[in-house]
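> could you look at this predicted model? Sequence included:
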Number of protein chains: 2
Amino acid sequence: MSLLQGFFLLCILVAIAAFVFAAWLYLWVKRQPAVNAKILTVGEYIRSGANTFLRKEYLVLARFAGVTAILILVFLPDPIWRAGIGDNFQMFGAYLLGTVFSAIAGKIGIQIATIANTRTAEAAQRGITLSFLSAFRGGAVMGMAVVGTSLLGIILVLWVTNNATILLGFSFGASSLALFAKAGGGIFTKTADISADLVGKVELGIPEDDPRNPAVVADNVGDNVGDVAGMGADLFDSNVASMAAATVMGLALDKLPGIDLNVETVFCFAALGLLSSIIGVALAKMPEKGSPTRALNTSTYVTTAVFAVLTGLATLIFQFRWQLYVTALIGLFVGVLIGITTDYFTDDSKSPVRKVAKASETGPAFTIITGVSYGFLSVLPAMIGIAISALSAYLICAPLGGAVGSAGYQSYGMFGISMAAVGMLSIVGMIISNDAYGPIVDNARGLAEMGGLSEAVIEVTDKLDSAGNTVKAVTKGFAIGAAGLTVIALLGAFMSEVNARIVEEGLSNPLLTGFDIMDPRVFFGLLIGAAVPAVFSALLMLGVGRNAERMVGEIHRQFREIPGLQEGKEGVVPEYDKCIAIATDGALKELIPAGLFTIIITIVVGLIGGVTAIGGYLTGNIVAGLLLALFMSNAGGLWDNGKKYVESGHNGGKGSAAHKAAVVGDTVGDPFKDTAGPSINTQITVVSLVASLLSFIFLSLHLF
Amino acid sequence: MSLLQGFFLLCILVAIAAFVFAAWLYLWVKRQPAVNAKILTVGEYIRSGANTFLRKEYLVLARFAGVTAILILVFLPDPIWRAGIGDNFQMFGAYLLGTVFSAIAGKIGIQIATIANTRTAEAAQRGITLSFLSAFRGGAVMGMAVVGTSLLGIILVLWVTNNATILLGFSFGASSLALFAKAGGGIFTKTADISADLVGKVELGIPEDDPRNPAVVADNVGDNVGDVAGMGADLFDSNVASMAAATVMGLALDKLPGIDLNVETVFCFAALGLLSSIIGVALAKMPEKGSPTRALNTSTYVTTAVFAVLTGLATLIFQFRWQLYVTALIGLFVGVLIGITTDYFTDDSKSPVRKVAKASETGPAFTIITGVSYGFLSVLPAMIGIAISALSAYLICAPLGGAVGSAGYQSYGMFGISMAAVGMLSIVGMIISNDAYGPIVDNARGLAEMGGLSEAVIEVTDKLDSAGNTVKAVTKGFAIGAAGLTVIALLGAFMSEVNARIVEEGLSNPLLTGFDIMDPRVFFGLLIGAAVPAVFSALLMLGVGRNAERMVGEIHRQFREIPGLQEGKEGVVPEYDKCIAIATDGALKELIPAGLFTIIITIVVGLIGGVTAIGGYLTGNIVAGLLLALFMSNAGGLWDNGKKYVESGHNGGKGSAAHKAAVVGDTVGDPFKDTAGPSINTQITVVSLVASLLSFIFLSLHLF
């Protein structure tokens, strides 16, 4: 057994350990008492609503994936009439496996989240420690499931096919699902959230989470499908993509004389990253008097430290290049750093949130202008962080490949960037755990309110919820940073794929050595690629608006037609499922144009300017995509916390003019931070993979 | 006399003709009757306010320019101790000439605009034809002055120094002034506009342009300093930069064997462009029953047609390359096309404005989300337009320079892009005339109201004003498109400069053949460059917010402390000058951090990654800058017209909830479209020129 196969085995073992651990966590959470009838009833509504969405989503996805899979079977990696069906069948299988594995992880996440929410709500009666653990361990089930399945899938594909290109197919499957889960879930959750607030809080003046509101269950379902399943699929996607990019480039590197031990490091580090996350989750706890935010952050730091020690030892034992170790740590460090700067712009103890709250006193226009301004400012540190980690990763690793200017130098440099992405994503298991914690406690807070639990209990859930919001900003920054490095690595993988293709098929095209900005086709691609994330975001946000319009109509209808509903007559229950159905159908419908647009314009650019234009196009897409994703996520978080800051009694407090203005900011921020912003990651990944997979067409068929 | 000198002479003659024509127009406008005492009084306030701002601005600028000029004298184009003072003295002079010429053009523009506004208001009593002509000819004075001085300055510098690098110094002078005029003027105008609306319309419910409002004169002054002087300086800057880029690359081309007749074409076309604008302005008229929008557009089309015919004839007579002719026409055509698509997104007879008005019925958050979404969508056609014109200009012209891959091929291709920019900017005289028309009629409308003219007269000025708003959107799109092509050309000029420097000084650095995206320094620069326009915009918008806060305080003070002011007691006049002083001082103060930030970060990136990183940095800056400039300008215009659409009686009309929401959109859009959005052009140009001028430092001093 080679060393690489040894690490494959290690990955499988750690993945199995993660599953076992997840099962234990699952059972632990499920064992927690749940007796409050009201909570159980509403919890059941949420669970069945979330499952309805998931079922419909997977149904639409299955059709989409089916068509795509058949196209793959015929055309990829090579048209069937040119190279037979062998590879195509593998690619077909890998693609389907990618969608299925990601779907399973999402399903597990929803399953546990909709159990953990009721347990967390009830546990709050018995103290914050237990309540915290119920939510955190619920989230951790998702974390373990996502990373375990992604690792297992990658190993499976590589072991069976021994072909890195096929791995891109697996990654494409994961991205396809992520696009649906993230963008579709994002439209769903914001449709419900906005509509519920609009009619409930603004028009009728009834509180958030009031059970009379027909959209309230849809809103809670939305937290699960958007934040749990969506975020999970997103990070599943990034994790797979970063490893796929590293594998493609690492295996290409191995073919160069005198270079080896690259890909081994990737798998060893990935396995140790998951192991570190398991340890971090297992050690997490929160004292009765402690702060949940600190507890979450401590787990992250513990995981990071364990990872650094374990990979350091592995580097010594297996004599990996120390440069790869340093690069992975830089990636990880920059990821944490981006999270911290994101926190600065969205934390209510810092200046930006307070300035937004203060500006709200002057009126909603100033809430918006100030929020947009700080959102723009927040882009800088993250961009500098990604820029510096990419530059240093390249410069540290490139000399391993040979003299400056040699093919090995460049390839090893790009491989270094993918290694930084792998390092950044190594602790993704812990990141997902922290992230999924958020919607669980958010739900728990709502359930505690609807279940009529005491004020003191609601206060406990409030405290947990607030920690969830803080940590969410950090994990979101982290996710975008990781996606940033990953897509840069995918650009390297794209070039690697194109060149492999040229060599294998003996094409007359010159080998790509890079993409020259002064080449007009590159510049052409750059400009158009930069416009794509803007258009994609616009289509999603307009979709939310249209969908919310439909749902508001339905809420109005119910209040009008169901007697006793508005007055809150005992026993009168709104038709929650109608609202869920509207959110579901609308989300999937509104998602299609955005998805199709990005794929079609990629193909058009490729047919006009060939692989050269695609290089520029991907770059423009990455650069503008990161810019807009950071801007929208951070501005959204800022407005959200600005509103909460005002609600906690500042700048006039609840009901003041400043509060009204802050609510406008929060509503604008909703689709920014939960629909468009985080979907851009996935959009970039999908486009990068489509470009890589279709490169053979663009090589032979292009206008200029 | 060589052919080039002949065209220099032609440029001078046409510039003189433009000055003579401007003088005639000036006198014509001034001769129009102005008798209404109230109008004259307020008009005088505006005139003196605008001049106060200009004086202060030029004073601050003089200090800034003085320091910069001395730095230039010592360091540029070469440190004085290395190459003597000869060239440095020329650069020093050219820089100062650039600032002074642009300042003179701005001063002339303000001078005539503050005369034309009163004349236009009073002429409205005698019919729309005369009123239209007063405003249009007033604007045309500015148009003629800007293009005449820019052409004259360029010829002067080239004739005296015969050195294209020195021309970049002239261009840098123009950009410095433009940065102050555009960004400073933008902060001024929106400070006044927002504060006046906030206290007047929102708090006290008094109408727009009510003379009791202490900020109302500052608001009218703002239209002049922001839109007249600012836009003039911006287009002066773009015009000079496009010709400087074309000259730098054209002269470098001429050194290659077998290639000539490039730069000649640039100057011939520029002269004919100005001539066409003169003809277009002279022919402009508007029948009493006609539409002012159509009259303005017709003049643009006439100018375009005259230009096409004249340059076609010149190409035949002087045997220019037909490729250059075609390229110039493509640039011009795409410019008009971008204007038209911009119009689609901001015209109230089209879907986006109506959708925003409709969304306003649901509340301000939806006004914002919908506006942001359409703003994002509006980016696509313009980006595609710029991308296609750059690609086709390159591909059409490159073969003139030799075989594919030769140095001549690439150089001629980039020269082709600069030729497209020259073509797009050829009719800039007409564009400025149309653009300056806007603030003049806007002022006239206010003056008619304050002068107590009849409803019918105010209706005439309303009609003229509305045309101004429509045309403004078009000219703004045009300005951004032109800046886009210009800065791409400047990227070529940057490379050209770097290589010239390497050859001249026999440096060991390899000659630049392009900027490879896969080079980590390029990518590093790309990411950071992309963040700069966002941060720059944020700093300007936050500056507007802070400044508006100060002014609102002052307005409140006046209403509180001046007895009889709020009640409108006869003879009680607010202290208009205090508000003007606040807007002025604040604008200049708030501008400094934004300006310094962009210059310092450029230098830091250059010192880290050398000219290679700067190549990426400029590209990131261009791509993200265009994206944000288009987004902010168009979203702002969309909200503005959305509000006007509601005010004209739709979706509930004035005073409705939809109207309140639309006002929020308009207020958010104000700094978007009049402060940040259009300043980004200038920011990009300044950064490009700083990079070119300092390239010798980055060549020898860099970390990686």
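In hand now; what should we look at? Residues are numbered from 1 along each chain as shown, chains lettered A, B, ... in the order given.
> quick check: closest non-adjacent residue to the residue of the stretch 51-200 of chain A found nearest chain B.
Closest residue of the stretch 51-200 of chain A to chain B, CB to the nearest CB: residue A:198 (7.1 Å). (C-beta placed from N, C-alpha, C; glycine too.) Distances taken as CB to CB, 6 or more residues apart in numbering or on different chains put residue A:552 closest to residue A:198, at 6.0 Å, once the chain neighbours are dropped.
> tell me the contacts of that neighbour?
Applying CB atoms under 8 Å, 6 or more residues apart in numbering or on different chains, we find residue A:552 in contact with A:195, A:198-199, B:362.
> and for residue A:511, the neighbour number?
12 (other CB atoms under 10 Å in any protein chain shown).
> my bad, residue A:612
23.
> does it touch residue A:523 like I think?
No. At 10.2 Å, residue A:612 does not count as touching residue A:523 under the criterion of CB atoms under 8 Å.
> if we can go back for a sec, part of a helix, is the residue of the stretch 51-200 of chain A closest to chain B?
Yes. Under DSSP: H, G, I helix; E, B strand; the rest coil, residue A:198 sits within a helix.
> residue farthest from the centroid of chain A?
For chain A, the residue at maximal distance from the C-alpha centroid (CA atoms, centre = their mean) is residue A:563, at 42.2 Å.
> need the contact list for that residue.
A:569, A:572 are the contacts of residue A:563 under CB under 8 Å, 6+ apart.
> quick one: it and chain B, what's the gap?
Separation of residue A:563 from chain B (CB to the nearest CB, to the nearest Å): 27 Å.
> so that residue, which of the three states?
The three-state assignment at residue A:563 reads coil, by three-state DSSP.
> now swap in residue A:544 and tell me
Going by three-state DSSP: residue A:544 is helix.
> swap in residue A:568?
coil.
> how near is the residue lying closest to it once chain neighbours are set aside to residue B:297?
Nearest residue to residue A:568, sequence neighbours excluded (CB to CB, 6+ apart): residue A:212, at 5.3 Å. Remark: distance between residue A:212 and residue B:297 (CB to CB, to the nearest Å) = 56 Å.
> what's the burial count for the residue of the stretch 51-200 of chain A closest to chain B?
Residue A:198 has 21 nearby residues by other CB under 10 Å.
> check residue A:57 too.
Neighbourhood size, residue A:57 [other CB under 10 Å]: 24.
> does it sit in a helix, a strand or a coil?
Residue A:57 - assigned by three-state DSSP - is helix.
> residues touching it, list them.
Residue A:57 touches A:180-181, A:184-185, A:225, A:584, A:587-588, counting by CB under 8 Å, 6+ apart.
> got the residues you listed as JSON lines, with secondary structure columns?
As requested, the contacts of residue A:57 are exported to JSON lines (three-state DSSP):
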{"residue": "A:180", "secondary structure": "helix"}
{"residue": "A:181", "secondary structure": "helix"}
{"residue": "A:184", "secondary structure": "helix"}
{"residue": "A:185", "secondary structure": "helix"}
{"residue": "A:225", "secondary structure": "helix"}
{"residue": "A:584", "secondary structure": "helix"}
{"residue": "A:587", "secondary structure": "helix"}
{"residue": "A:588", "secondary structure": "helix"}
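> okay, now the unreliable bits of the stretch 1-150 of chain A?
Scanning the stretch 1-150 of chain A for pLDDT under 70 picks out the ranges A:1.
> let me see the ranges of the helices in it.
With helices called from DSSP state H, counting those that start in this stretch, the stretch 1-150 of chain A shows them at A:3-31, A:37-75, A:80-83, A:86-123, A:128-161.
> now the longest one: buried residues?
Spelled out, it's helix A:37-75. A:39-40, A:42-43, A:45-54, A:56-58, A:60-61, A:64-65, A:68-69, A:72-73, A:75 (16 or more other CB atoms under 10 Å in any protein chain shown).
> do the same with the first one
When neighbours are counted by 16+ other CB under 10 Å, the buried residues of helix A:3-31 are found to be A:4, A:7-8, A:10-12, A:14-15, A:17-19, A:21-22, A:25-26, A:29.
> residue A:320 belongs to a helix?
No. Secondary structure of residue A:320, determined by three-state DSSP: coil, with no helix assignment.
> quick one, what contacts it?
Contacts of residue A:320 by CB under 8 Å, 6+ apart are A:261, A:264-265, A:268, A:314.
> look up how far residue A:330 lies from it.
Going from residue A:320 to residue A:330 by CB to CB gives 15 Å.
> what of residue A:110?
According to CB to CB, residue A:110 stands 35 Å off from residue A:330.
> is whichever helix or strand residue A:629 is part of anywhere near chain B?
According to DSSP states H and E, residue A:629 maps onto helix A:576-647. Yes. Counting by CB under 8 Å from any CB of the partner chain, contacts between helix A:576-647 and chain B involve A:609, A:615-616, A:619-620, A:623-624, A:626-627, A:631.
> ok, so of the residues you listed, who is nearest residue A:502?
For the residues of helix A:576-647 next to chain B, the closest approach to residue A:502 (CB to CB) belongs to residue A:615, at 14.1 Å.
> residues in contact with that closest one?
Counting by CB under 8 Å, 6+ apart, the residues that residue A:615 touches are A:491, A:494-495, A:512, A:514-515, A:522, A:525, B:517.
> how many other residues sit next to the nearest residue to residue A:139 once chain neighbours are set aside?
Once flanking residues are discounted, residue A:139 sits nearest to residue A:436: 3.4 Å by CB to CB, 6+ apart. Using other CB under 10 Å, residue A:436 is surrounded by 30 other residues.
> residues contacting residue A:436?
Residues counted as contacts of residue A:436 (CB under 8 Å, 6+ apart) are A:109, A:113, A:138-140, A:142-143, A:227-228, A:231-232.
> farthest-separated two in those?
The widest separation within these (CB to CB) is 15.2 Å, between A:140 and A:227.
> neighbour-wise, which of these two wins?
It is residue A:140, of residue A:140 and residue A:227, that has more neighbours when counted by other CB under 10 Å, with 33 against 26.
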